[in-house]
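**Q** got a predicted structure plus its sequence, pasted below:
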Amino acid sequence: MASEEKLTVAGLNILSPKRNKRLQSGWEGFFPYYAGYPELFARELLRSAQLPDDAVVLDPWNGSGTTTYAANQLGLNSIGIDLNPVMIIVARARLLAPSEADHLRPLAANIMWHAHASPTTLADDDALLDWYNPATARFIRGIEQNIRRSLLGSMTRSPDGINLDRISGTAATMYVALFAACRRLAAPFRSSNPTWLRMPKSDADRIDAPQTLIARYFADNVGGLSDALVAQQDDLLRNGRRQPSQSEIALSNTTTMDFAAHSIDFVLTSPPYCTRIDYTAATRIELAVLSPLLKTTARSLGKQMIGSTQVPNDRIQVDPAWGATCVNFLEALKKHPSKASSGYYYRTHLDYFDKMSRSLARVSRALKPGARAIFVVQDSHYKELHNDLPTIITELCDSHGLRFEGRQNFRFRSMSDINPGRKSYQRPAGATETVLCFAKDVASALGPRFADRR
Ligand SMILES: C[S@@+](CC[C@H](N)C(=O)[O-])C[C@H]1O[C@@H](n2cnc3c(N)ncnc32)[C@H](O)[C@@H]1O
């Protein structure tokens, strides 16, 4: 299906949610998040929702901030949540006002000057040393330390550490430029799996880059981000003034987040996939850059993620409220004869559905009666078993008071097509990305007493 073909579901314009390299120009090219949907998809969909001026749009799994950026472009208030600090920084940088474009280059030059003039001492266990040799890691850390010293002040610092969700758009932009420079230097360690960066086999294989090259990559990225902001400003002038809006980007866990009931007018999101993607592993280099600022380890962060590859501590029980499709899939997975199906894989899938159900209960509670929620969901296979996540999410939503309004499927080549293990099991090539539309049930919004009478 052509990505520009426009379809309508429940009165909303739906373009293909599949990432398209051609559309990754400007800002989107700097942090091409493999798990993200295109900005055009989010913007068209939000525009067609015809929300009132004071509406609040929520993305509980905001990733690189496509929803919050698109809402901001349309003059809508928005809240974006993510558990990964890297994605908080990326989403904040994306909201930097075009009026800040001119000071980015001189600021980067100043940061570089200090990094050259006063070399940093590097801790023996600095996470950057996993990929870079000591001289390279020391210079990268020097740039990071100068961003921290010059741009993180009392607004972001607190006695228990740095609050990354209060970081300024300018500081976030400097970090994104450094992330992209580090990724470019680590290009030899890329693999066919876009979420996986290999580690050097020995210390001698670590990346050895001259300071001039690191400085050039960083400066080029800052220049490119500044140019993208100028282009954005031109676009805004062409399309007329938008009304001012507020965007909040918060570091939080959807299984425990606490929103005021009935405070959200629209949800647009793509929940974490159930394809054993480790979302923290996909941002290992960026987490290494941020390590001095983190309040948690990458491992403990990975454990909290929906879709975690780590076995949960708790004994989770199947809940019939997850729906027949989910319960049957889990039963078949548990009985599967292949190694570790009834152990590791069963437990990590239980963890996924348990976290997803708890999160959806909170998303539903936050929605106003009648408000709509759009989820972009991908199906997958466990061996030959079909994990029909779109149907599972539909049944889960139903149990949390979100009424199904319609869906649109998009077929595409998936990552498992390049996995040689696929051939041993009977299953179709590719995967389906589905756009699911729901509305908050008015009866369930009034409370369980009224919902029972449906
Ligand atoms: C499919 S991605 C969203 C991509 C986004 N639509 C975009 O355009 O970039 C899902 C996101 O959920 C986040 N996530 C996973 N578990 C979470 C949790 N428990 N609480 C909040 N965010 C979580 C991941 O870090 C990831 O960025």
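**A** Everything's here; your move. It should be emphasised that the depicted structure is a prediction, and the values quoted were computed from it without experimental measurement.

**Q** what count of nearby residues applies to S252?
**A** 18 (other Cβ atoms under 10 Å). Quick note: C-beta positions are derived from backbone N, CA and C, even for glycine.

**Q** now the nearest residue to it once chain neighbours are set aside: how far from I277?
**A** Nearest residue to S252, sequence neighbours excluded (Cβ to Cβ, 6 or more residues apart in numbering): I81, at 4.9 Å. With distances taken as Cβ to Cβ, to the nearest Å, I81 is found 18 Å from I277.

**Q** those two: which is more packed in?
**A** The residue with more neighbours, out of I81 and I277, is I81; 26 against 21, by other Cβ under 10 Å.

**Q** give me the helices and strands touching the helix or strand hosting that one, please.
**A** According to DSSP states H and E, I81 maps onto strand 77-82. For strand 77-82, the elements it packs on are strand 56-59, helix 66-73, helix 85-93, strand 247-251, judged by 3 or more Cβ pairs under 8 Å, 6 or more residues apart in numbering; DSSP states H and E.

**Q** from the ligand, how far off is the nearest residue to A70 once chain neighbours are set aside?
**A** Take A70 and drop its neighbours on the chain: the residue closest to it by Cβ to Cβ, 6+ apart is A42, 3.7 Å away. Distance check for A42 against the ligand: by Cβ to the nearest ligand atom, to the nearest Å, it reads 7 Å.

**Q** helices of the protein, residue ranges please.
**A** For the chain, the helices defined by DSSP state H cover 39-48, 66-73, 85-93, 101-117, 134-151, 169-185, 211-239, 284-290, 298-304, 324-335, 346-366, 389-399, 442-445, 448-451.

**Q** what is the mean pLDDT for the last one?
**A** It stands for helix 448-451. Averaging pLDDT along helix 448-451 yields 50.

**Q** tell me the strands beside the strand holding I81, with direction?
**A** Counting by DSSP bridges, the strands paired with strand 77-82 are strand 56-59 (parallel), strand 247-251 (parallel).

**Q** any bit of it sitting next to the ligand?
**A** Yes - using Cβ under 6 Å from any ligand atom, strand 77-82 reaches the ligand at I81, D82.

**Q** just give the nearest non-adjacent residue to whatever residue of the stretch 351-454 of the chain ends up closest to the ligand, would you?
**A** Residue nearest to the ligand within the stretch 351-454 of the chain: K355 (6.0 Å; Cβ to the nearest ligand atom). Excluding its sequence neighbours, the residue lying closest to K355 (Cβ to Cβ, 6+ apart) is I306, at 4.5 Å.

**Q** before we move on, the earlier item: keeping just the C-alphas, turn the strand holding I81 into CSV.
**A** Once non-C-alpha atoms are left out, strand 77-82 reads as follows in CSV (Å, rounded to 0.1, in the frame of the first residue of the first chain):
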residue,chain,number,x,y,z
ASN,A,77,-1.5,20.8,24.3
SER,A,78,0.2,17.5,24.8
ILE,A,79,1.8,15.2,27.3
GLY,A,80,4.3,12.5,26.4
ILE,A,81,5.5,9.8,28.7
ASP,A,82,8.4,7.4,28.4
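
**Q** state the distance from H116 to K201.
**A** Distance from H116 to K201, by Cβ to Cβ: 31 Å.

**Q** looking at it, L436 is touching V377, isn't it?
**A** Yes - using Cβ atoms under 8 Å, L436 is in contact with V377, at 5.9 Å.

**Q** what residues does this protein have near the ligand?
**A** Residues of the chain lying near the ligand (Cβ under 6 Å from any ligand atom): 33, 35-37, 61, 63-64, 66, 81-84, 87, 253-255, 270, 272, 279, 304-306.

**Q** let's check: the centremost residue of this structure is which one?
**A** G63 (1.8 Å; Cα atoms, centre = their mean).

**Q** surely it is in contact with I88?
**A** No - between G63 and I88 there is no contact under Cβ under 8 Å: 10.1 Å.

**Q** need the residues touching each of the two.
**A** Jointly contacting G63 and I88 under the rule Cβ atoms under 8 Å, 6 or more residues apart in numbering are D82.

**Q** what's the neighbour count on the residue nearest to K355?
**A** 22.

**Q** which residues does it contact?
**A** W61, T254, T255, P271, P272, Y352, K355, M356, S359 are the contacts of I306 under Cβ under 8 Å, 6+ apart.

**Q** so which bits of stretch 112-125 are buried?
**A** M112, H114, A115, T120, L122 (16 or more other Cβ atoms under 10 Å).

**Q** contacts for that stretch, please.
**A** Identification of contacts with stretch 112-125 by Cβ under 8 Å, 6+ apart yields 128-129, 134, 137-139, 141-143, 145-146, 149-150, 211, 215, 218-219.

**Q** now stretch 132-146
**A** With Cβ under 8 Å, 6+ apart as the criterion, stretch 132-146 contacts 111-112, 114-115, 118-122, 126, 128-129, 175, 178, 181-182, 185, 203, 206-209, 211, 214, 218, 289, 292.

**Q** what subset of the residues you listed is buried?
**A** Looks like these have 111-112, 114-115, 120, 122, 126, 128-129, 175, 178, 181-182, 185, 206-207, 209, 211, 214, 218, 289 buried, using 16+ other Cβ under 10 Å.

**Q** tell me how far S118 lies from I111.
**A** Distance of S118 to I111, computed by Cβ to Cβ: 12 Å.

**Q** tell me the confidence at P369?
**A** 96.

**Q** of the strands paired with strand 77-82, flag the one that's most buried.
**A** Most buried of the strands paired with strand 77-82, by mean neighbour count (mean count of other Cβ atoms under 10 Å): strand 56-59, with a mean of 25.

**Q** what's in contact with that one?
**A** Residues from elsewhere that reach strand 56-59 (Cβ under 8 Å, 6+ apart): 46, 51, 65-68, 71, 76-81, 259, 263-269, 363, 366.

**Q** of the helices and strands packed on strand 77-82, which is nearest Y344?
**A** helix 85-93 (26.6 Å; Cβ to Cβ).

**Q** and the closest one, what does it pack against?
**A** strand 77-82, helix 169-185, strand 247-251, helix 284-290.

**Q** need the ones you listed in CSV with mean pLDDT, can you?
**A** Listed next are the helices and strands packed on helix 85-93 as CSV, based on pLDDT from 0 to 100:
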stretch, mean pLDDT
strand 77-82, 98
helix 169-185, 96
strand 247-251, 96
helix 284-290, 94
